[in-house]
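Visitor: Build me a model from this:
(chains A and B)
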Protein chains: 2
Amino acid sequence: MYVVLVYDVEVKRVNKMLKLCRQYLHWVQNSVFEGELSERDLEILKKKAEMLLSGEDSVIIYTLQDGNWLNREILGKEKGVIDNFIE
Amino acid sequence: MYVVLVYDVEVKRVNKMLKLCRQYLHWVQNSVFEGELSERDLEILKKKAEMLLSGEDSVIIYTLQDGNWLNREILGKEKGVIDNFIE
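Guide: Take a look at the predicted model:
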């Protein structure tokens, strides 16, 4: 499935969250990641993320069965360039 | 159409971007907004956002014809509670 993940975590946990997300997804913007993931990998990512989170930290995970349903447009600077760019 | 908007703008422009997005969408997390928008309103929002952006500022706009295609899960703290919550 196609995943868009957005996190909002306290500064002291940003590096760990960044590293975790990079293992599974492509970085597209400050605290935004995307990519195709199996259900199994998504479950692992969620469990690892939950272990990191604390206090006011928040992660939103959007999932779609088919990434083709999602259009993506960038205004301003394009920061991350991902391989599996949505058409 | 259903819209998820994520922005990454310099601190001095955050308030203006926040106000603009709130006029059209629901706030769900730090710099993340969602909502149902007509194509016309989306075009207006994009034009207004482009007028605000400068330097390294970046906005990603995800759109789907049908918000039901999108699942949303929150880990940690749920920050914004939106009216038209995705099932």
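Visitor: Enumerate the residues of chain A near chain B.
Guide: Within reach of chain B by C-beta under 8 Å from any C-beta of the partner chain, chain A has these residues: A:4, A:6, A:8-9, A:28-32, A:46, A:49-50, A:53-66, A:69-79. In this view, the C-beta of every residue, glycine as well, is placed from N, C-alpha and C.
Visitor: mind listing which of those residues are in helices?
Guide: Secondary structure defined by DSSP state H assigns A:46, A:49-50 of those to helices.
Visitor: Pull out the buried residues from these.
Guide: A:Ala49 (16 or more other C-beta atoms under 10 Å in any protein chain shown).
Visitor: Can you tell me which of the ones in helices among the residues of chain A next to chain B comes closest to B:Cys21?
Guide: Ranked by distance to B:Cys21 (C-beta to C-beta), these are led by A:Ala49 at 25.2 Å.
Visitor: Next up, the contacts around that closest one.
Guide: Counting by C-beta atoms under 8 Å, 6 or more residues apart in numbering or on different chains, A:Ala49 touches A:7, A:17, A:20, A:59, B:75.
Visitor: what about 6 Å?
Guide: Under the criterion of C-beta atoms under 6 Å, 6 or more residues apart in numbering or on different chains, the contact list for A:Ala49 reads A:59, B:75.
Visitor: thinking again about what came up before, ok, of the ones in helices among the residues of chain A next to chain B, which one's closest to A:Arg13?
Guide: Nearest to A:Arg13 among those is A:Ala49, at 10.4 Å by C-beta to C-beta.
Visitor: and that closest one, how far is that from B:Leu45?
Guide: From A:Ala49 across to B:Leu45, the span is 30 Å (C-beta to C-beta, to the nearest Å).
Visitor: returning to that earlier point: would you write out the ChimeraX command that picks the buried residues out of the residues of chain A next to chain B?
Guide: Selection of buried members from the residues of chain A next to chain B for ChimeraX, criterion 16+ other C-beta under 10 Å:
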select /A:4,6,8,9,28,29,30,31,32,49,53,57,58,59,60,61,62,63,64,70,72,75,76
